[in-house]
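Asker: How does the following fold in three dimensions:
(2 chains)
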Amino acid sequence: MKKKILVVDNHPLMLTFMSQLLEKEGHQVLTADNGLSALERLKTFTPDIIFIDLIMPHISGEKLCQIIRKTPALKETYLIILSAIAAEQEVDYASFGADACIAKGSLDKMAKHILASLALADRRTGASSPPKIIGIEEVYARNITTELLSVKKHFEVILNSMVEGIFEITPQGKIVYTNPRAMTLTNRTEDQLLSSDFIELFLPSDRPKIKEILHQAGVPSKPLPVHVNGPLIVNEKPMDLRLLPIIEETQRSLIVILTDLSEQKRMEAQLIQSQKMEAIGTLAGGIAHDFNNLLMVIQGNASLMLLDMDTSHPHYAMVKMIEKQVQSGSQLTAQLLGYARKGRYELRPIDLNRLIIDTSEIFWRTRKNITLHRDLAENLLPCEADQSQIEQVLMNLLVNAADAMPEGGDLSLTTANVKVNELPGKGDLPKPGDYVLLTVSDQGVGMDPETLHRIFDPFFTTKQGGRGTGLGLAATYGIVKGHGGFIEVESQKGHGSTFKIYLPVSTQVLPPQKTSSAPQLKPTGKILLVDDEEVILEVGEKILKVLGYQPLVAKGGPKAIEIFKEHHGTIDLVILDIIMPHMGGGEVYDRLKEISPEVKVLLSSGYSLDGEASNIMAKGCDGFIQKPFDIDHLAQTIKNILETV
Amino acid sequence: MNIKELASRLEIEEKECREFLFLFQKTATLELSNLERALKMKEVSVVERLAHSIKGAAGILGLTEIQDAAKKIERSLGLNQLDEIQSELLLIKKTLEAVTLALNKKFKDA
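Answerer: Numbering: from 1, shown residues only, chains lettered A, B, ... in the order given. Below you'll find the predicted structure:
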C-alpha cells in the first residue's frame, strides 16, 4: 500500500538514498534536513511514517520525536529512528516515543532493514513488541564515543542547573533549544517553546526592539554579542538579555541568555530606600539636638519663673502652658532622635512585661473605649534596651492601634521568647539568636499593600487633620533597629494590623527593683556645670542655686578641667555636656577621672553621636539626663546620684 | 577504486552508486576542509560532529577505509590526542582523491 513518508536527516546522501529507495516502492516521500524544517513540513503534511536521524542541527531527533508525539494529528504516525549512534550505544528510543530503531549500516543491509520496517509499521496492532534495534549485529563496535558522550553529559548537567535561562535560536528567530530554567522563566513547556518564535515571548511593544537586536547580533559581516541592559518584560518579570552569535561551518545560531532581574531590582530599591532613610536620619538627628538645647533654655527659665509665682499669679497659667508646650516639643524631638537612632543612652537589662503593664495602664486611662488583652509570657527573658525608648516604641504602637479603631475595639499585647534561626527572603537579615517578641494586634481598619510599604517612611502619615507627624513608626523602626532588633508587620485592609517587635535577649540579669525611696535629704553640695552654650549655663546655674546647690559653671572642656583642679576635692558632681567644640564630653570625662577617680559625673545632652553617650556610660559614668529637663527631673536625678555611695 | 564492484556489493545499480558517490565526495570534501579549519581553532565539538558525519556516510557506502579513519578521529578527540588526527585526515584525503579519480575516469570513459 502506498504510504506517505517523511525522511529527516542532515546528510544529502541519506536523503537521496532514502527517496530513491522508497519512491521505487511507490511511496510518497518528502525530506527535511533538520528538525526545525521537519516541523515546518509537518504543518501541511501528515505522513504515515517518519524516518528520523538522531544527531541533527536545529532540534535533535530525540526532541523532534517528543514534539511529534505530543501533536494530536501525528499520534498514529509510525516513528523510525535511523541513526549511526544506535550502533555505538544503547538508544532507549521508546522513551522518547519512537516505534522502531534502525542502526545505519551499508546501503545493501540498510535497504533491507528499511523495507522490513515498513512491513513492521503495517503489522502494528497496538500491542507493543519489546524494543529492538534492527541492524546492529553487523555494525561497528560500541562504546567508541563514550568519552565524548560523558563530556556532553557534563554540559547537560551544567545547563540544567543554571539560574539563567538559555535558548538557542536560529537566525530566523525560531527556538531550537531551551534549558529547564528558560521554561520556568517563561512559564512554558519545552513543546510550546521549541520551534516557536523567540520574539513572541516579549510584549508587543518590545518586539521591534528585539527584532533589531536579533538583526544586530546576526548580521553576517559583523556578528557581535549583544547585551540589552534595559529590563525587558517576559512573563511579567524584568529580564536582562544577552545574545551570543555562534558561527560554525554550516550552521549559524544565537545563544540567548535570559536573567531574571526581579531580585536585583528589589535589592536596588531597598538600598536606595535605606540610603534615603539614613540621610533623613542624620538631618533629623541634627535638628533634634539643636532643638533640645533651645527647649532646655525655655524650660529652665519657665521653671525658674514658676518658683517665684503661686497659682494666683496672673502669669502662672501662661508659664505652665509654656512648660506643657516644651514637653510636647521634647516628645517630638524624642521621636526624631529615635528615628535617627541617636538616642540610645542607657542600655540595661529590662523586663519587657513590666514595661508593657506600666505603659499600657497609662495609655488605657486616655483611651477607655479600647479593651486591652495582655498575654505575657511568664518566663520572659530580659532584653537589653533603653527603657524610655522602648516605652516610646510601645506608646507609638498603642496610639496607632487605637487610632485604627476610632469606635473602640480589642487590642492585644503578647510577649514570648523566640529563637530566630534564619529568615529567608528578608532584606535586612536579622542575626540568628534569642529574641524577645512583643506582638501588638488590633482589629482596626488595616492597611492596603501600598500603605504597608510606606509606613516606616519618615513624615508619611494617613492620619487626618494634622493629628499625625509621620514620625511615630519611623522612630519605632529606628529605635528597634538601633537595639539590634527587627520588626514584622502583617495587615490587610479592613482586617486589622499586627506589629511584631523582636528585641535581642540580654545576657545580663535584671537588676533588683528599687523597693523604697531613700530618706529625704536637704540638697547640699558643689556642682560643676559644663556646657559650650552660654544660655544653658546661665539657666542651669540659676536652677542649681534654687535647688540649694552651690553651682560652678565652665564654658567648654578646658575651662572645666581648670576649675575642677582649682576646686580639687570639693566638687560633689559634674554635669557634663557631650557635644562641645575643641574638647568633647568623652575626653573631659577621662581627664576628670584621671584627676579624681571618685568624681561623680552626670551626662547631659540633646543627643549622642553614635553611642558616644553609651560609651561614656559604659566606662562607669553615674547617670544621664536628656535635654530639655525640668527642675523636678533634674533635682531627682542629682539626688539619686549623690545618695548612691 | 572500482565503482562497478562497489555497486554490486551494495546491491544497487552502477548509475545509482555513481550518484551516491558523487554526493558523498561533494559533501565529504566540504566537511573535511571545515574539519581542518575547526581543528586549527580547537573547536572540538565541531570536529567531532564533522568526523561523525563523514564516518556515517562512508559506512553507508561501504568505504571502510574512510569510515575507520573517521572513527579513529572521534576516538582521538575523546582521549584529547589532537596530534594523532593528522595522519587520519591524510588517509581520508587520499581515499577521497581516489573516489574523485574513479568518478572522473568513468566519466571520461563514458
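
Asker: Around chain A, which positions in chain B sit nearby?
Answerer: Applying C-beta under 8 Å from any C-beta of the partner chain, we find that chain B lies next to chain A at B:9-12, B:16, B:19-20, B:23-24, B:27, B:31, B:34, B:37-38, B:43, B:46, B:48-50, B:52-53, B:55-57, B:59-62, B:67, B:71, B:74-75, B:77-79. C-betas here are computed from N, CA, C, even on glycine.

Asker: Now the buried members of those residues.
Answerer: Buried residues within the residues of chain B next to chain A, counting neighbours by 16 or more other C-beta atoms under 10 Å in any protein chain shown: B:10, B:12, B:16, B:19-20, B:23-24, B:27, B:31, B:34, B:38, B:43, B:46, B:48-50, B:52-53, B:55-57, B:59-62, B:67, B:71, B:74-75, B:77-78.

Asker: Run through the bridge partners of residue A:554.
Answerer: Beta-bridge partners for residue A:554, by DSSP bridges, are residue A:530.

Asker: returning to what we had before: go through the buried ones among the residues of chain B next to chain A and flag which are in helices.
Answerer: B:16, B:19-20, B:23-24, B:27, B:31, B:34, B:38, B:46, B:48-50, B:52-53, B:55-57, B:59-60, B:67, B:71, B:74-75, B:77-78 (DSSP state H).

Asker: gap between the two ends of stretch A:100-107?
Answerer: 18 Å (C-alpha to C-alpha, to the nearest Å).

Asker: do the same with stretch A:598-607
Answerer: Terminal-residue distance, stretch A:598-607 (C-alpha to C-alpha): 26 Å.

Asker: Nearest residue to residue B:19 in space, please, no chain neighbours.
Answerer: Closest residue to residue B:19 apart from its sequence neighbours, by C-beta to C-beta, 6 or more residues apart in numbering or on different chains: residue A:16 at 7.0 Å.

Asker: host element of the one you found?
Answerer: helix A:12-24 (DSSP states H and E).

Asker: could you say what helices and strands that helix packs with?
Answerer: strand A:4-8, strand A:28-32, helix A:107-123, helix B:14-40, helix B:44-60 (3 or more C-beta pairs under 8 Å, 6 or more residues apart in numbering or on different chains; DSSP states H and E).

Asker: Put together a markdown table for the ones you listed, with distance to residue A:536 and mean pLDDT on each row.
Answerer: Converted to a markdown table, the helices and strands packed on helix A:12-24 look like this (distance: least, C-beta to C-beta, whole Å; pLDDT from 0 to 100):
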| stretch | distance to residue A:536 | mean pLDDT |
| --- | --- | --- |
| strand A:4-8 | 93 | 94 |
| strand A:28-32 | 92 | 94 |
| helix A:107-123 | 103 | 82 |
| helix B:14-40 | 85 | 89 |
| helix B:44-60 | 81 | 87 |
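
Asker: Residue A:73 is nearest to which of the ones you listed?
Answerer: strand A:4-8 (12.6 Å; C-beta to C-beta).

Asker: CA atoms of stretch B:19-34 as PDB?
Answerer: Provided in PDB are the C-alpha atoms of stretch B:19-34 (Å, rounded to 0.1, in the frame of the first residue of the first chain):
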ATOM      1  CA  GLU B  19      25.200   9.400  -8.000                       C
ATOM      2  CA  PHE B  20      25.700   8.400  -4.300                       C
ATOM      3  CA  LEU B  21      29.500   8.600  -4.600                       C
ATOM      4  CA  PHE B  22      29.300  12.000  -6.200                       C
ATOM      5  CA  LEU B  23      27.100  13.300  -3.400                       C
ATOM      6  CA  PHE B  24      29.400  11.700  -0.800                       C
ATOM      7  CA  GLN B  25      32.500  13.200  -2.400                       C
ATOM      8  CA  LYS B  26      31.000  16.600  -2.700                       C
ATOM      9  CA  THR B  27      29.800  16.700   0.900                       C
ATOM     10  CA  ALA B  28      32.800  15.000   2.500                       C
ATOM     11  CA  THR B  29      35.300  17.300   0.700                       C
ATOM     12  CA  LEU B  30      33.500  20.300   2.200                       C
ATOM     13  CA  GLU B  31      33.200  18.700   5.600                       C
ATOM     14  CA  LEU B  32      36.900  17.800   5.500                       C
ATOM     15  CA  SER B  33      38.000  21.300   4.800                       C
ATOM     16  CA  ASN B  34      35.700  22.600   7.600                       C
END
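
Asker: ok, residues contacting that stretch?
Answerer: A:11-13, A:16-17, A:107, A:249-250, B:3, B:6, B:12, B:46, B:50, B:53-54, B:57-58, B:60-61, B:63, B:66, B:89, B:92-93, B:96, B:99-100, B:102-103 (C-beta atoms under 8 Å, 6 or more residues apart in numbering or on different chains).

Asker: Please, a PyMOL command that selects the buried ones among the residues you listed?
Answerer: Filtering the contacts of stretch B:19-34 down to the buried ones (16+ other C-beta under 10 Å) takes a single PyMOL command:
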select buried, (chain A and resi 11+12+13+16+17+107+249) or (chain B and resi 3+6+12+46+50+53+54+57+58+60+61+63+66+89+92+93+96+99+100+102+103)
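
Asker: hmm, back to that, how about the helices and strands packed on helix A:12-24 in CSV, adding distance to residue A:403?
Answerer: Shown next, in CSV, are the helices and strands packed on helix A:12-24 (distance: least, C-beta to C-beta, whole Å):
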stretch, distance to residue A:403
strand A:4-8, 73
strand A:28-32, 72
helix A:107-123, 79
helix B:14-40, 75
helix B:44-60, 69
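
Asker: nearest to residue A:439, of those?
Answerer: Per C-beta to C-beta, nearest to residue A:439 of the helices and strands packed on helix A:12-24: helix B:44-60, 60.3 Å.
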